[in-house]
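Colleague: Got a sequence here, can you build the structure:
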Amino acid sequence: MSEPPTGVSSKRRRADEEESTSAGAEPEPDTDASAAADDGAQEQEAASAPRNRWRLRFTWAGLLAWVVLPGLAFLLTIAAGFLRWQYDTLRDSKIAGVQALQAARDGTVAMLSYQPETVDKDLTAARDHLTGSFRDSYTELTNDVVIPGAKQQRISAVARVPAAATVSASWNHAVVLVFVDQTTVIGDGAPTDMASTVRVKLDKVGDQWLISEFQPI
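Modeller: Predicted coordinates for the structure are as follows:
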């Protein structure tokens, strides 16, 4: 068999090599498509970022509106109520102290002052300043001892309160320290002066402060 001419053989080999190379070579990547995809992803991220920030702001705004602010308002309400209660308590205690102090002065003078001619009326009126078991004890003492003695021996007594101080006071109870000067005259005798200090307890009954205990100290 005769061999093909040298020129034809060389062309054929080159053709086979080119065909083999083109068949085994990998296709070049489409750089334009990849770039377009990357640009699209970046644009999507850029578009979603404001929405995410808006959602975050909305979440914090909702938390502030529904949790923090109502809780703060509740605490402020409690604080305001407590301060109001404290103010009212102090104000009521101050008013009670002033009223009880005057009631202790008036009651002490009424209890310890009388004239033989009007002793019944004087000491009966004094009971209106008293309350509770102390009123009962005072009534018994004056009826059994003071009134009969004042009439028989013509005893008169005049009491004064030169000084007094509130020890404690609440809206319905008070303690007052009273300094008493009492001048007593028996018949035609000389006046006798006596000074004493009395611890007076008062209770508020209705709208009046009444003496519930009268304890010399």
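Colleague: Do you have the helices of the protein handy? List them.
Modeller: Taking DSSP state H, the helices of the chain run over residues 6-24, 31-63, 69-112, 119-126, 132-141, 147-153.
Colleague: Would you mind pulling the contact partners of the shortest one?
Modeller: When contacts are taken as C-beta atoms under 8 Å, 6 or more residues apart in numbering, the neighbours of helix 147-153 outside the stretch itself are Tyr114, Gln115, Pro116, Val119, Asp120, Leu123, Ile155, Ser156, Ile186, Gly187. Every residue, glycine included, has its C-beta placed from N, CA and C.
Colleague: Skipping adjacent residues, who's closest to the last one in space?
Modeller: The shortest distance from Gly187 to any non-neighbouring residue, by C-beta to C-beta, 6 or more residues apart in numbering, is to Arg154 (4.9 Å).
Colleague: Report the contact partners of the one you found.
Modeller: Counting by C-beta under 8 Å, 6+ apart, Arg154 makes contact with Pro116, Ile186, Gly187.
Colleague: how many neighbours does Asp188 have?
Modeller: Counted with other C-beta atoms under 10 Å, residues neighbouring Asp188 total 6.
Colleague: swap that for Thr197, sorry
Modeller: For Thr197, using other C-beta under 10 Å, the count is 12.
Colleague: now do Val180
Modeller: Val180 has 22 neighbouring residues, counting by other C-beta under 10 Å.
Colleague: Cross-check the contact I'm expecting between it and Val198.
Modeller: Yes. Counting by C-beta atoms under 8 Å, Val180 does reach Val198; the two are 5.9 Å apart.
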